[in-house]
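Trainee: here are the coordinates; sequence isn't available:
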Ligand code: AQP
């Protein structure tokens, strides 16, 4: 029986500039986890094309995301950093999972409804099947832990449902393959923690900060310079009241809650402590301090990203090396899966 090692998998789409939501909601935790776990961090370019991408921009975005990973503190010697399309096993397992997942499950996915909008009939099949590919991404490595932002919770639940159904559907074959307990796939655990699991738009505290928001003022990009960060925070929507002294006072004040959460995450502290310091202050005062903390955190990442992007061949080498290590882990697991399913393999 194969021993189940704790293994972390997560990824980001190369669909544009990474923003503070991606960084605080996911990346900070990824960097933490590589100290204690075997980690795979993927640039999910096959997910990116579920919405049309201009090829030259996609290529550039893949390198930018790789540079952002490394500049944020991911170590390519320790963690496996790669782009999904270089490891064909992701697509192979996704097909098998397409035959395990049920249409009714996918019909419930809220992200598809948001992204497809009113033009559901014109959305790509890939956009609809996206969560199935995501389940394959994780389970191809028998991943056990998935650090993500709040918005991915539903997709993770679907990955668990797929793992469970595969284990049930193929139970006898799994047992015959040497897994006496009939459990081939683990049920991957979402890790959604910290004060910034859902960073909201700076223009509307009820909408998530997102790469695809048409307003650049809605987000802080990891590639923004000092002036841009200060300007965006200064223009961020707020209400007219001063900051409350306790967290309960943030209820029904989504913009205030968001800015306090961002400050807490950037300064590695809690909302309660931030309010202890700024309770009673006007937003004009708080925003200046917030801009300073944001610049102090983002500027070094941005500078390192730009340095790395000066040598795209080196980024490509890192990705090729990561893909080769990922394939080495994935292939024996996929071979077992194909045997369990009943495929003949030479
Ligand atoms: N606003 C957010 N707050 C906290 N975490 C977030 N994440 C994304 N937005 C926020 C987390 O970042 C990781 C990578 O996300 P993704 O690139 O796969 O795609 P996404 O969630 O669809 O991000 P965007 O910015 O909204 O992209 P578009 O606009 O292209 O759809 C995930 O762990 C996610 O939870």
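Mentor: Arrived safely. Since the structure is predicted, the reported quantities are computational estimates derived from the model, not experimental observations.

Trainee: A strand includes residue 39, no?
Mentor: Yes. Membership of residue 39 in a strand is supported by DSSP: H, G, I helix; E, B strand; the rest coil.

Trainee: That one pairs with what?
Mentor: Here residue 39 sits in beta bridges with residue 8, going by DSSP bridges.

Trainee: I'd guessed it sits against residue 82; true?
Mentor: No. Taking contacts as CB atoms under 8 Å, residue 39 lies outside contact range of residue 82: 11.6 Å. Yep, even glycine has a C-beta here, placed from its N, CA and C like the rest.

Trainee: Look up how far the ligand lies from residue 344.
Mentor: Distance, residue 344 to the ligand, by CB to the nearest ligand atom, to the nearest Å: 36 Å.

Trainee: next one: residue 175
Mentor: Per CB to the nearest ligand atom, residue 175 is found 35 Å from the ligand.

Trainee: Residue 209 now?
Mentor: 4 Å.

Trainee: Need the pLDDT of that residue.
Mentor: If you check residue 209, the pLDDT there is 96.

Trainee: What is the neighbour count of the closest residue to it other than its chain neighbours?
Mentor: Sequence neighbours aside, residue 21 is the residue nearest to residue 209 in space, at 3.8 Å (criterion: CB to CB, 6 or more residues apart in numbering). Residues lying near residue 21 (other CB atoms under 10 Å) number 25.

Trainee: OK, contacts around residue 21?
Mentor: Contact analysis of residue 21 by CB atoms under 8 Å, 6 or more residues apart in numbering lists 149, 196, 198, 199, 208, 209, 210, 219.

Trainee: and the nearest residue to residue 236 once chain neighbours are set aside, how many neighbours?
Mentor: Closest residue to residue 236 apart from its sequence neighbours, by CB to CB, 6+ apart: residue 202 at 4.1 Å. When neighbours are counted by other CB under 10 Å, residue 202 registers 25.

Trainee: Would you verify that residue 202 is located in a helix?
Mentor: No. The assignment for residue 202 is coil, going by three-state DSSP, so no helix is present there.

Trainee: where does it sit relative to residue 188, distance-wise?
Mentor: 32 Å (CB to CB, to the nearest Å).

Trainee: Same question for residue 38.
Mentor: In terms of CB to CB, residue 38 sits 14 Å off from residue 188.

Trainee: more crowded one of these two?
Mentor: The residue with more neighbours, out of residue 38 and residue 188 and counting by other CB under 10 Å, is residue 188; that gives 23 against 18.

Trainee: Need the phi and psi values for residue 80.
Mentor: Backbone torsions for residue 80, taken as degrees, to the nearest 10, come to phi -90, psi 110.

Trainee: Oh, that last question was meant for residue 12, not what I typed.
Mentor: Per-residue torsions, residue 12: phi -130, psi 150 (degrees, to the nearest 10).

Trainee: ok, now residue 253?
Mentor: According to degrees, to the nearest 10, residue 253 has phi -130, psi 70.

Trainee: ok, back up a step: please tell me I have it right and the residue nearest to residue 236 contacts residue 238.
Mentor: No. Using CB under 8 Å, residue 202 is not in contact with residue 238; the gap is 9.7 Å.

Trainee: how about the strands of the stretch 1-150 of the chain, start to end?
Mentor: 7-12, 38-43, 80-83, 145-147 (DSSP state E, counting those that start in this stretch).

Trainee: Rebuild those as CSV, extending it with distance to the ligand and mean pLDDT.
Mentor: As requested, the strands of the stretch 1-150 of the chain are exported to CSV (distance: least, CB to the nearest ligand atom, whole Å; pLDDT from 0 to 100):
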stretch, distance to the ligand, mean pLDDT
strand 7-12, 4, 98
strand 38-43, 9, 98
strand 80-83, 13, 98
strand 145-147, 7, 96
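
Trainee: would CSV of the ones you listed with distance to residue 317 be doable?
Mentor: Putting the strands of the stretch 1-150 of the chain into CSV (distance: least, CB to CB, whole Å) gives the following:
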stretch, distance to residue 317
strand 7-12, 20
strand 38-43, 15
strand 80-83, 11
strand 145-147, 26
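
Trainee: Looking at those strands, spot the one closest to residue 103.
Mentor: strand 145-147 (23.9 Å; CB to CB).
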